[in-house]
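S.K.: The following comprises the amino acid sequence and a computationally predicted model.
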Amino acid sequence: MLLYLHGFNSSPQSDKGLVTARYIAQHFPQLSFFQPQLPATPAAAMTLLIEIVEQALAKGESLHFIGSSLGGYFASYLAETYGGRAVLINPAVTPYALFDDFIGQQYNPYTDETYQILPEHKQEVALYDTEVILNPERFLVLLQSGDEVLDYQQAVNKYHCCQLLIEAGGDHSFIGYEQQLDRICQFLFLNK
């Protein structure tokens, strides 16, 4: 099972989400591929993700994750907690430290949804922190130094013991992501 986790105020309809879905459909049509629209609150998002993961485990499926930004933060928790391998793209490292900037009304342009970020959501997201990576062999982390949303150096510090691909320049969306899909799938063992 491959689970794609989008970032904050994003969707499976983002450029990365669409490119990933097309690539998987073309190269791995037999693969159980899930790309859910995550609920706006951290607890609801993680409840949905854990349900998908536990159903896959109950079927005896191996776990593979691709997570972008906040999705990378969630994927870290899932891979550390349930096993499997994860590719993180410009992952959020301490999203709870940024939540104060987002408290109040938010708008997701992909879903046309307006919702509220509340102070308690900061504590919710902090529950899924993987402060120390205990299984570095499970992670491939793709970073671009030009990320205008997150400080890529935080991810370098946290995931220093994992496989890292650091590109100069770029941005938070990870420019050239589609060229990394072969490498991503090789790391995830999807070709086996």
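M.R.: Good, I have the coordinates.

S.K.: Now do the helices in the protein.
M.R.: In the chain, the segments counted as helices under DSSP state H are 15-27, 42-58, 70-82, 119-126, 152-158, 181-187.

S.K.: for this structure, which spans come out with low pLDDT?
M.R.: Applying pLDDT under 70 to the chain picks out residues 190-192.

S.K.: what residues are up against residue 134?
M.R.: Each residue near residue 134 by Cβ atoms under 8 Å, 6 or more residues apart in numbering is listed here: residue 80. (Each C-beta comes from the backbone N, C-alpha and C, glycine too.)

S.K.: middle-most residue in the protein, spatially?
M.R.: Note on the chain: the residue nearest the mean C-alpha position is residue 67, at 1.7 Å, using Cα atoms, centre = their mean.

S.K.: Residue 166 contacts residue 152, correct?
M.R.: Yes - at 7.3 Å, residue 166 and residue 152 qualify as touching, with contact defined as Cβ atoms under 8 Å.

S.K.: The two - which one has more neighbours?
M.R.: Legend: neighbour count by other Cβ atoms under 10 Å for residue 166 and residue 152, higher for residue 152 (21 against 14).

S.K.: Apart from its chain neighbours, what residue comes closest to that one?
M.R.: Spatial nearest neighbour of residue 152, excluding adjacent residues (Cβ to Cβ, 6 or more residues apart in numbering): residue 143 at 4.6 Å.
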